[in-house]
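In: Sharing a model prediction with you, sequence too.
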Amino acid sequence: MDHQEIADRLEIAGLLARYTYAIDSGQWDLLDEVFCQDAVIDYSSSGGIRGTRDEVKAWLAEVLVHWPARLHLIGAARVDLAGGEARVSAPFTDTLAPTREMVAAGTEGFLHGGGYYHHHLRRTADGWRSTELVEEQTWRTVC
């Protein structure tokens, strides 16, 4: 592995971290540092939408307001680099909570789930950006 590949892999890891932080914090404009403007984002496997970056940002802001406490964890990503592009698949788990307050374990309104995020990335003048994200939801529980 040469220095450029190491640098690319570190930057891609940072992109994945920015993605989860943007979603969990509700800082939707941070997604501009993750996705190209013309990116296609597909959350249909979890009942969500498939749309452009701006459409998805608006949808996330509308839908996730019902779960103000959110936490995503991304596991070890598989990164396949080829020139100025990369295919990235990373396992994830998430928890969406109806409140930020401490509540009993059996409180209703929690969603727990997981699966894989599949990104197609492109190196741009601003660094690596996702041109496509397909969420593959493989499990979900509701309390």
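Out: That came in fine, so what should we check first?

In: From here on, just use CA atoms for contacts and neighbour counts.
Out: Will do.

In: neighbouring contacts of the longest helix anywhere in the chain?
Out: Counting residues, the longest helix found in the chain (DSSP state H) is helix 3-25. Residues from elsewhere that reach helix 3-25, judged by CA atoms under 8 Å, 6 or more residues apart in numbering: 27-31, 33-34, 69-74, 79, 127-129.

In: Name the residues of it that come out as buried.
Out: By neighbour count on 16 or more other CA atoms under 10 Å, the buried set for helix 3-25 is 8-9, 12-13, 15-16, 18-24.

In: what does stretch 125-138 give?
Out: W128, R129, S130, T131, E132, L133, V134, E135, E136, Q137.

In: Throw those residues into CSV and include distance to E62, thanks.
Out: Below are those laid out as CSV (distance: CA to CA, whole Å):
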residue, distance to E62
W128, 27
R129, 24
S130, 22
T131, 23
E132, 21
L133, 20
V134, 20
E135, 19
E136, 21
Q137, 20
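
In: What is the nearest of these to E108?
Out: Nearest to E108 among these: Q137, at 21.2 Å, using CA to CA.

In: What helix or strand is the closest one located in?
Out: strand 127-142 (DSSP states H and E).
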